[in-house]
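Novice: coords please:
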Amino acid sequence: MAPDTSPVRVTLTHEGQSFALQAGRIHDGGWRFEFHKHLAAESQPFDVVALRQVGWGELPWSWMLGWAALVAALLGAWLALLRQRTERQRAEELLRLGQVARLNTLGELAAGMAHELNQPLTAVLANTQAASRLLNDEPPELATARSAMTQAVEQARRASEVVGRLRRAVERPDLAAQLQSVVLEDAVRNALYLLEPEFKRRDVTPQLESPSTPITVLAEPVALEQIIHNLLMNALQALEQVPARERQLRVALGTEGSLGVISVTDYGPGIAADVLPRIFEPFFTTREAGLGLGLSLCETLASGMGGNLTAAHNTPRGAVFRLSLPLATKP
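Specialist: Down below sits the predicted model:
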């Protein structure tokens, strides 16, 4: 650097005396750096001192801001990628539960149809065969044949009504062989995590009450997740009917004897007295676009795991659903 414009002051010191080799431009403020070089000599042990004062204005602000912007952009992209990955995992898990629910519903519908159609179709076959034999007699028994055909028509009409209604749900395949130990709190937290966007959209903050000791029950994990998911969604749909400031949802875990219990309580409009006895009836629904299969399927799954699902009024308002399942280890 040119001596007259250099920002570095260079001095030669020896025993308290100092000789300036280069004056340098030293300003107040900023940061001061000193560099020492000892010139070891027996006759002249001098110390060369270089002093550099760096002020705020000398910092490479454009370079620093550029790097800061680049780091911020990379960090923002990384966080966005993490959020996208989390949302994708949540969506995949919800899709999996939805697919399981649809498969279970289709299985229940198909089994219901097979069960209900079996009796009228058998009657139709028997009556038509009887009518055929009666008409082949000599002389043909026309009156009895007409009666048989009339009964066949009635049974055919009944079969048609079954196809149109599909009013019954039948037992699911036995889940006993698929039971395993499941921690209730883990299953509930997983369902709450998956439904987090739904809670935010409806401005609902769920409250989870669980004991310090984990509660482990015997259950089929996917079936248990489906029940909890369905109960939480029903509670959210009920809370949509009350003002946002009054929306409360509480999930409590506990034990009763040899059972582990999940209680889902909402403070929505509640269940009408005439509806409560039919709440688990297949194809019974109070929603305009509902199929009436959700709670029926949940009750069937709970029964298949050796448990029980009940519904009751909540005081002072709302509804409470209680799922009971056998404990994995008896208390």
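Novice: now the strands for the stretch 201-331 of the chain?
Specialist: Along the stretch 201-331 of the chain, counting by DSSP state E, counting those that start in this stretch, strands occupy 206-209, 216-219, 249-256, 259-266, 308-313, 319-326.
Novice: what number of residues lie near F35?
Specialist: For F35, the count of nearby residues is 11 (other CB atoms under 10 Å). Placement of C-beta: from N, CA and C, glycine included.
Novice: after the strand or helix carrying L121, heading C-terminal, what element do we hit next?
Specialist: For L121, the host element (DSSP states H and E) is helix 61-136. Following helix 61-136 in sequence order, the next helix or strand is helix 142-165 (DSSP H and E).
Novice: in that next one, what counts as buried?
Specialist: For helix 142-165, a neighbour-count test (16 or more other CB atoms under 10 Å) marks 145, 148-149, 151-152, 155-156, 158-159, 162 as buried.
Novice: which parts of the stretch 201-331 of the chain are helices?
Specialist: Residue ranges of the helices in the stretch 201-331 of the chain, as given by DSSP state H, counting those that start in this stretch, are 221-239, 294-304.
Novice: put together TSV for those, with distance to L74, mean neighbour count and mean pLDDT on each row.
Specialist: Below are the helices of the stretch 201-331 of the chain laid out as TSV (distance: least, CB to CB, whole Å; neighbours: other CB atoms under 10 Å; pLDDT from 0 to 100):
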stretch	distance to L74	mean neighbour count	mean pLDDT
helix 221-239	37	21	88
helix 294-304	45	21	83
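Novice: same list (these) but as a markdown table, adding distance to S212.
Specialist: Output for those, formatted as a markdown table (distance: least, CB to CB, whole Å):
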| stretch | distance to S212 |
| --- | --- |
| helix 221-239 | 21 |
| helix 294-304 | 26 |
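Novice: isn't P7 up against R52?
Specialist: Yes: assessed by CB atoms under 8 Å, P7 is found in contact with R52 at 6.4 Å.
Novice: which one's more surrounded, these two?
Specialist: Higher neighbour count among P7 and R52: R52, with 18 against 15, using other CB under 10 Å.
Novice: dump the residue contacts of the residue nearest in space to the middle of the chain.
Specialist: What sits nearest the mean C-alpha location of the chain, by CA atoms, centre = their mean, is L194, with 1.3 Å. Residues near L194 by CB atoms under 8 Å, 6 or more residues apart in numbering: 90, 93-94, 97, 229.
Novice: same question for A148.
Specialist: Contacts of A148 by CB under 8 Å, 6+ apart are 127-128, 130-131, 134.
Novice: turn these into CSV, including pLDDT and neighbour count.
Specialist: Supplementary listing: those in CSV, determined by pLDDT from 0 to 100; neighbours: other CB atoms under 10 Å:
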residue, pLDDT, neighbour count
N127, 79, 21
T128, 85, 17
A130, 82, 18
A131, 83, 22
L134, 82, 18
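Novice: do you know the pLDDT at D274?
Specialist: What the model reports as pLDDT for D274 is 84.
Novice: from L39, how far out is P45?
Specialist: Separation of P45 from L39 (CB to CB, to the nearest Å): 7 Å.
Novice: equivalent analysis for D4, please.
Specialist: 25 Å.
Novice: coming back round to it: anything in contact with each of P7 and R52?
Specialist: With CB under 8 Å, 6+ apart, P7 and R52 have common neighbours G24.
Novice: one step back: can I get the buried residues of helix 142-165 in JSON lines with distance to T13 and pLDDT?
Specialist: Listed next are the buried residues of helix 142-165 as JSON lines, based on distance: CB to CB, whole Å; pLDDT from 0 to 100:
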{"residue": "A145", "distance to T13": "133", "pLDDT": "80"}
{"residue": "A148", "distance to T13": "129", "pLDDT": "78"}
{"residue": "M149", "distance to T13": "128", "pLDDT": "84"}
{"residue": "Q151", "distance to T13": "125", "pLDDT": "78"}
{"residue": "A152", "distance to T13": "123", "pLDDT": "79"}
{"residue": "Q155", "distance to T13": "119", "pLDDT": "71"}
{"residue": "A156", "distance to T13": "118", "pLDDT": "78"}
{"residue": "R158", "distance to T13": "115", "pLDDT": "65"}
{"residue": "A159", "distance to T13": "113", "pLDDT": "71"}
{"residue": "V162", "distance to T13": "108", "pLDDT": "59"}
